[in-house]
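**Q** return atomic coordinates for the entry below.
(2 chains, ligands or ions: 3)
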2 protein chains.
Amino acid sequence: MLKLLRNNGINKLSSNLIRNYSSKQSIFQALDTFPKRHIGPNENEINEMLKNINTSKLSKKTPNNLEQLIEYTIPKDIRLNRDLNIEENKVIGENQLLKDLKKIAEKNKVYRSFIGMGYYGTITPHVIQRNILENPGWYTPYTPYQAEISQGRLESLLNFQTMVSEFTGLPMANASLLDEATAAAEAMQMCVNISKSKGPFAFLVDKYCHPQTIDTIKTRAEPKGIRIEVIDSKDFKFTEDVVGCIVQYPSSNGVVSDYQQLAERAHQSNALVVAATDLLSLAMLKPPGEWGADIALGNSQRFGVPLGFGGPHAAFFSTKDKYARLLPGRIIGVSKDKQGNPAYRMALQTREQHIRREKATSNICTSQALLANMSAMYAVYHGQQGIKDIANVVHRKAVVLAEGIKRMGYNVLDRPFFDTVLIITGDKTDMMIKELESRQINVRQYCSKSISISMDETVTSADISAILSGFSAHASKPLGLSSPEQLEKETSSLNVIPEQLTRQTPFLTHTIFNKYHSEHELLRYIHKLQKKDLGLTTAMIPLGSCTMKLNATTEMYPVSWPEFNSIHPFVPANQSLGYKEMFESISSMLCEVTGFDGCSLQPNAGSQGEYAGLMVIRSYLTSIGQSQRNVCLIPVSAHGTNPASAAMVGMKVVVVDCDANGNIDVTDLKAKAEKHKDTLAALMITYPSTHGVFEEGAKEICEIIHNNGGQVYMDGANMNAQVGLCRPGDIGADVCHLNLHKTFCIPHGGGGPGMGPICVKTHLAPFLPGHSVVKGVGGERAMSAVSAGPWGSSSILPITYVYLKLMGGQGLKKATQVAILSANYMASRLKDHYKILYTGSHGLVAHEFIIDLRMFKESAGIEAEDVAKRLQDMNFHGPTMSWPVPNTLMIEPTESESKYELDRLCDALILIREEIREIETGKADRKNNVLVNAPHTEKVIVSDNWNYPYSRSKAAFPTPATVASKFWPTVGRIDNVHGDKNLVCSCPPLSDYQ
Amino acid sequence: MLKLLRNNGINKLSSNLIRNYSSKQSIFQALDTFPKRHIGPNENEINEMLKNINTSKLSKKTPNNLEQLIEYTIPKDIRLNRDLNIEENKVIGENQLLKDLKKIAEKNKVYRSFIGMGYYGTITPHVIQRNILENPGWYTPYTPYQAEISQGRLESLLNFQTMVSEFTGLPMANASLLDEATAAAEAMQMCVNISKSKGPFAFLVDKYCHPQTIDTIKTRAEPKGIRIEVIDSKDFKFTEDVVGCIVQYPSSNGVVSDYQQLAERAHQSNALVVAATDLLSLAMLKPPGEWGADIALGNSQRFGVPLGFGGPHAAFFSTKDKYARLLPGRIIGVSKDKQGNPAYRMALQTREQHIRREKATSNICTSQALLANMSAMYAVYHGQQGIKDIANVVHRKAVVLAEGIKRMGYNVLDRPFFDTVLIITGDKTDMMIKELESRQINVRQYCSKSISISMDETVTSADISAILSGFSAHASKPLGLSSPEQLEKETSSLNVIPEQLTRQTPFLTHTIFNKYHSEHELLRYIHKLQKKDLGLTTAMIPLGSCTMKLNATTEMYPVSWPEFNSIHPFVPANQSLGYKEMFESISSMLCEVTGFDGCSLQPNAGSQGEYAGLMVIRSYLTSIGQSQRNVCLIPVSAHGTNPASAAMVGMKVVVVDCDANGNIDVTDLKAKAEKHKDTLAALMITYPSTHGVFEEGAKEICEIIHNNGGQVYMDGANMNAQVGLCRPGDIGADVCHLNLHKTFCIPHGGGGPGMGPICVKTHLAPFLPGHSVVKGVGGERAMSAVSAGPWGSSSILPITYVYLKLMGGQGLKKATQVAILSANYMASRLKDHYKILYTGSHGLVAHEFIIDLRMFKESAGIEAEDVAKRLQDMNFHGPTMSWPVPNTLMIEPTESESKYELDRLCDALILIREEIREIETGKADRKNNVLVNAPHTEKVIVSDNWNYPYSRSKAAFPTPATVASKFWPTVGRIDNVHGDKNLVCSCPPLSDYQ
Ligand SMILES: Cc1ncc(COP(=O)(O)O)c(C=O)c1O
Ligand SMILES: Cc1ncc(COP(=O)(O)O)c(C=O)c1O
Ligand SMILES: O=C([O-])O
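**A** Ligands and ions are numbered 1, 2, ... in the order given. Sure thing, here's the model as predicted:
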């Protein structure tokens, strides 16, 4: 027995497989190098995979190695014939790189910041930090499109919506937007959409809104011709064209005003009122919904999400029930599954760009799920009482501070405030700022004559003392012996918030916010939700166009460093030199990767990159006197964000056909370009195509556009097929965005964060977006900002930095080669079982491919959804479904998946083909089979009355991997129609406390 | 619908429940305070629980609040009538405390250490650090006694054994011991046990063993009368009394010797050979098993476990098959489950103290599972080739270093070496050490005339340059321009390890070590294993005597700080001032908690604390001329470690009876104490008793022992019922140990690490253990060391420090009150369903209680095991089974469990009582019912032929919690007899790669 078992499974490695330590490599070269960990298949497996491509005759030629494979895949005229110049000749180990990066990080100075403006110190409960932010179970999953294996984060996002709705007093909330400023711009657009007027439109902006918000609103308004008036809200005039107005509550200068009458005035003129607000303040203040706001929005950052030099944080957004269908962003709703059990899923998707394209309410895809979940958990952990306590303490600290400063003879603005104190410092302003800075204290220079200081839950008595002693250095009266504690006593009966602005209604009333207050309970709640979700910790997520590759731990570590995550975005430049160095390095690496000359790290997602890129084109065209150019050609196969973004910049979308091979119909393109040659602004093109093919005519296509006066925008979603092998700039594009959360390893976080920087040719660089608060960002002729933060979600950029540096030019190239190899290997294994929809001229695909399922509708009553759901029964997340071609699946394996995992997916798909055949041949019932009934939950399997014509084990344990370790979908197939008809989006989670 | 759902579940908090921010508390007091997070029930729940105790009439009196509950529970004469003096009047928030601790940590200097001696720099792969060391899924579970819900870590521990066995060339390995030094002492004892001789015994120790190992061997040998000879192994004489010998391979001074002939000589004299060895070196060197060693042991630290200033690390231990049954420590073996599927579990438990008591092979319980798992994963990640590369690089660096130093005219020992270079520095020794220290480099002063320097995988070219330039400062010849890279080239053909000592055989051959080399694969493997194990992330673990309380995240963070985890244990004292400060603070807090005067942080587990405490008593008795005292009274109810430890210090165990109430029979005790009054050494007593009761006569008992010349040893396993309410010192004990992994929040790690410091009265303090390498440890008349590290597992001590500081005197007291409340609440809910076996005079229990199941054997054929396994079907880890009373369950809820979780367990047990009644009344079959068939796995449930007389849903989803979120046991009831008969302990895991 002993002997037998010992031999069983032993992999006698033939001695030639185990090389001796290679004498070529110096012993001083790091051994903890990264490419071998990032790339799934090893050398032997790569060779096996190539062999399979050959023997299966997928390719018309015989690729014998990776180089040849690429020769046959990528058109010669665009191939890059050198390694990327990234860390060349240096082999950095994971540990050394982190040490180097730490040195850069330490160039940031972690001072105390009381700048406010939507960003505040906060205490992330450690149990949330470790078990969500630092937990791959939470940060690796995709957006919860496959709801049955996403009930955990869907529940948490519903908690987020419930929390937002209860705080703001508006019943309908979404599951986050990218940042407060873009949320405000979305609100403006929503006011336009609600108005149903044909225009002209105007939108009034209170001048006491945060400046970055005003800036972003202006950016968005300009191409749409919306007139923006930035004035004191007291002076708002609701002329006929006014569709809405926005106020900041409390104002950017800290003042809490009563907007009830404003709201009444607005509503009398059919204009809407938007409140940009702060969740914590709403624990004390009358909620916007109660004084008449129609829309509330803001940043949930101070609910436990680190400052991160501007992001990522989750913006929130809520409105009245009647506007639900015009709400931008993703909304989580409650529906029921096939067995009638309640189940969560994304609601009202018909509003979104992937359905409505240029008519969508917004172009948002990736949002901020991970951060929304952190904020929701913060509320779950603290509950109503806890948040009340925090709000009260923050407020009283501001009172203490104001009193202390006042006593020294300073002029403190005498208006109601929550957490922010405005001091009229007059001529002393500069001096005071310097004085405080010398004490490692950052405050906000509100204007040339005043300073504002914002309190938060991290502020200590020592902090207040330090601020006071800074002020006392230049005071007209001495502070005397008043310690903060003394001042606290002496101000305890002061009431600075008037009765009519005080909150009277409860919040966080639902049980979910009232039972997980001990650490064990919260820990178990987090883990209970995590267990329901399939992330990369469980299986590959082969989503075409999404590039779900490894999010390596080494890449993630720096995100938790205080030198990166504890810095306010608006600190003086000399406090963020580490960030500066990293930004410059990333920018130049991304330029090298794309073949471009300039880079903006501002856009917060792919959608925002598209918008920013088109805006840059627009600015450029205007600068050369071509502002009439407003036609945007978009292939029929394009992602829905493309037309949605084009619409946002006021362009007219003209659709270009594809040919039978899925490629752009060059004749049609040429015809349309020429037809519109006087008004042609741009072409939006995805490369390799959304069909997963390196089209041959890419260079020619770019030339046609240029010849007709247009610019070429390349959607970078498929960059994972290009990096190190060819470059958008070389192909002829003028601008592209990069989804750092796809190609460059930022985890998807269950639906965000992401980053969508853009790279541009020299002629476009001057127009790259600037920032109203932080100077020196963007080009010399910078357009206004597209995000709240000057560099978007800065604190996740180290992920991309670490990835690029650890891979180096050679590693990046090999990664792309293997990504292409893996797709072709899978195609070669599947080609006899499924029709591979599009291939390039050699029969090869790029880094992803489409299997056609359309024929099974007739032959077996089976559609793509059935196959995707059946894959859930086999421990898989389904591939991209019905996009870009209805009723197909698009598979993208990425280079990080091992051959084992690729084979597991092939085996599963082949088994499913057999299951379809069983229906086709009449062995299985057309209406009642493992596919249409998939996924099968525990509850279904265990039920004592098994009424299915197949066995339980066939249903739930169809593959060896499921027998070894089963991942259970926690609800059955979800009824989306029911959910959209009976919309419930900010309600109590139904799963009671168990 | 909308309305309905929104109301459903909303917990309308009556406004009086939500207090306004309490005006009593200053706004400058932290809000992120810990007691409310650590303690499960809130004030309302505490009141409800008290009410239940009253209405259920559990108590003969009516406790109306926590204070009264304690009055009725703890005898008046021992109650502490003040708060503990720990952080009194200060309320520290979690974040502030971490900041304060960070400042202390920064007093440690993180220099580069090349000291060797069993501790080396290592690179912990980040994927292992984050997903094991920093993952509560891995660090919170208990020792895998409940094998069906522990298959994950059991598999990993089997990997550890397999790895150890393959490296050492000895087939039978255990799943870790506490440290290399105690492993060596265990090996000595094993040689004695194998010899079967009656003595006298001698054991030969090579003087080139690590000094801390020699010291610990001596400590262990002395009370057993084993003669130790420490000489050069060349001079070993195998006289008749010699049972074995030990050599260090490679030696402590770096030399690699051939011990084959030594082994032959030993075996000719029936003596055994023990090799203390180093896993990494065995990648290059002939394994001990191949040159004749009978036992191999060592420290697996350098396989990815941080230095941690001495620990925790996993010691390994392997031997020949024929000695399996004498192997100390836990052994993982393969058996099969009820369905015949292979299943892992702990093997050969009949050897262990809980069965064999004073005749056990060793007293080890808690070992180092978490660290063993990290090391095993390190091997899984690197595989044979990876480890070979690391070993080779480490070795070649040593060659380069030796060559560089030699060239400067130094005298380098010219013998084969692996990683350690010995330089005869003569009179320059002190100066050189100082020179290097000034360059932030630590080396080992090997003796007054020599220095040794050990290389490891973290060593860079810059490190070697720095060392060389240190040497060049005092060199007779210049090094010239020889960079490390240059030296590498020039030494590349040097071969310092002779052919006959070179390893020829492969290692890590099993597939498990050859398929998880990409990060995705390792990540998924770690998560796949994690998913199989029930930890505190899933449910309470109500193990009586084990105190499975919250391991809070804030407590865990500092364990990952480099200032704590990257320090070699033998650095000069001025580099570890932060540790010193923390040790002093912990020691004085523990003295305050126990009412004692001195503390040793050296013992690495409870068992080691017992041993150390008894040794201290022994030293004291000897010092007062009472060395004849060698009788140890131990109550029949004692934990098996007590007699096992007594035996280790050469004491004769005399068992004391218990009365019908489970208390010590004072009459019997008195009689025996008086009978042995001339030889009475000690009483070992657990308080509250192992039956979970505060016995009334504790003070009297201590007096009886003292009156008869003995000392009182208190086993601190039950300290969770005492902290802040009464104190061992006040009761009359002279010494006690504290299981920091029970009462003081160190997580169990799935079977270790732990810490078992001892506290003592003044008269015993002088004898507290010292250390042979680090001076100034222990008392003035310190006994020799009991652990390899001077302060045991230093790097986990911050956990306890943070806990004590965050709770403060009041928090600690309340925690204990609630722990006692929770046990009594559960007892009150269960008393009408089960017989509560023992209670105190008021009908109350302490912090744990026993439910009697003995009657069900006859009435229903049901035993404790059936109930424990059935609890697995209900998402629970069973309570302590059949200890201290056979066929009972002992339940300890701890203060960290919420009322919800306590009720969930009560409901489950009440349901089980109903299920037993179904058998009793004939409704269910006696041989075939949900209890005897428990646990039910997915595979059983799904099986298409369901042959049980009850339904699937009854089997697997018996409770609401399982319906909401099921935790599946992954194997069925395990056949232990089969496993022990067919012993397979270092074999391939059977679950193939799926
Ligand atoms: C081709 C394409 N373009 C744009 C996007 C939008 O990117 P993001 O989700 O980052 O906004 C996607 C997302 O999948 C995409 O596939
Ligand atoms: C009463 C008692 N004594 C001693 C021990 C041994 O402690 P350790 O496992 O830390 O060695 C235990 C362990 O549960 C125990 O319950
Ligand atoms: O190891 C024990 O916990 O008994």
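
**Q** neighbours around the closest residue to ligand 1 within the stretch 501-650 of chain A, how many?
**A** At 2.3 Å from ligand 1, residue A:606 is the closest residue in the stretch 501-650 of chain A, using CB to the nearest ligand atom. From N, CA and C alone the C-beta is placed, and that goes for glycine too. Neighbours of residue A:606 under the rule other CB atoms under 10 Å in any protein chain shown: 27.

**Q** so what's it up against?
**A** Taking CB atoms under 8 Å, 6 or more residues apart in numbering or on different chains, we find residue A:606 in contact with A:365-366, A:641, A:715-717, A:737, A:739, A:742, A:754, A:756.

**Q** can we see that at 7 Å?
**A** A:365-366, A:641, A:717, A:737, A:739, A:754, A:756 (CB atoms under 7 Å, 6 or more residues apart in numbering or on different chains).

**Q** could the residues you listed go into JSON lines alongside distance to residue A:271, neighbour count and secondary structure?
**A** As requested, the contacts of residue A:606 are exported to JSON lines (distance: CB to CB, whole Å; neighbours: other CB atoms under 10 Å in any protein chain shown; DSSP: H, G, I helix; E, B strand; the rest coil):
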{"residue": "A:365", "distance to residue A:271": "30", "neighbour count": "24", "secondary structure": "coil"}
{"residue": "A:366", "distance to residue A:271": "32", "neighbour count": "28", "secondary structure": "coil"}
{"residue": "A:641", "distance to residue A:271": "30", "neighbour count": "31", "secondary structure": "helix"}
{"residue": "A:717", "distance to residue A:271": "38", "neighbour count": "27", "secondary structure": "helix"}
{"residue": "A:737", "distance to residue A:271": "34", "neighbour count": "31", "secondary structure": "strand"}
{"residue": "A:739", "distance to residue A:271": "37", "neighbour count": "28", "secondary structure": "coil"}
{"residue": "A:754", "distance to residue A:271": "34", "neighbour count": "30", "secondary structure": "coil"}
{"residue": "A:756", "distance to residue A:271": "32", "neighbour count": "34", "secondary structure": "coil"}
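
**Q** give me the subset of the residues you listed touching chain B.
**A** Among those, proximity to chain B is found for none (CB under 7 Å from any CB of the partner chain).

**Q** how about those in TSV, adding pLDDT and distance to residue A:857?
**A** TSV is the format used below for the contacts of residue A:606 (pLDDT from 0 to 100; distance: CB to CB, whole Å):
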residue	pLDDT	distance to residue A:857
A:365	94	28
A:366	96	31
A:641	95	28
A:717	97	28
A:737	98	35
A:739	98	32
A:754	97	34
A:756	98	36
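
**Q** need those residues in CSV (columns: distance to residue B:376).
**A** Formatted as CSV, these follow (distance: CB to CB, whole Å):
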residue, distance to residue B:376
A:365, 42
A:366, 38
A:641, 46
A:717, 40
A:737, 44
A:739, 37
A:754, 36
A:756, 41
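
**Q** ok so, going back, the residue of the stretch 501-650 of chain A closest to ligand 1 and ligand 2, how far apart?
**A** When distance is defined by CB to the nearest ligand atom, to the nearest Å, residue A:606 is 54 Å away from ligand 2.

**Q** and that residue, its phi and psi?
**A** Backbone geometry at residue A:606, expressed as degrees, to the nearest 10, gives phi -60, psi -50.

**Q** how far away is it from residue A:364?
**A** 10 Å (CB to CB, to the nearest Å).

**Q** where does chain A get nearest to ligand 2, residue-wise?
**A** residue A:520 (20.8 Å).

**Q** surely that residue meets residue B:896?
**A** Yes - here residue A:520 reaches residue B:896: they are 5.3 Å apart, a contact under CB atoms under 7 Å.

**Q** can you tell me how far residue A:464 sits from ligand 1?
**A** 42 Å.

**Q** go on, residue A:651?
**A** In terms of CB to the nearest ligand atom, residue A:651 sits 16 Å off from ligand 1.

**Q** and if you look at residue A:480?
**A** Residue A:480 is 56 Å from ligand 1, by CB to the nearest ligand atom.

**Q** neighbours around the nearest residue to residue A:751 once chain neighbours are set aside, how many?
**A** Excluding its sequence neighbours, the residue lying closest to residue A:751 (CB to CB, 6 or more residues apart in numbering or on different chains) is residue A:369, at 3.2 Å. Counted with other CB under 10 Å, residues neighbouring residue A:369 total 31.
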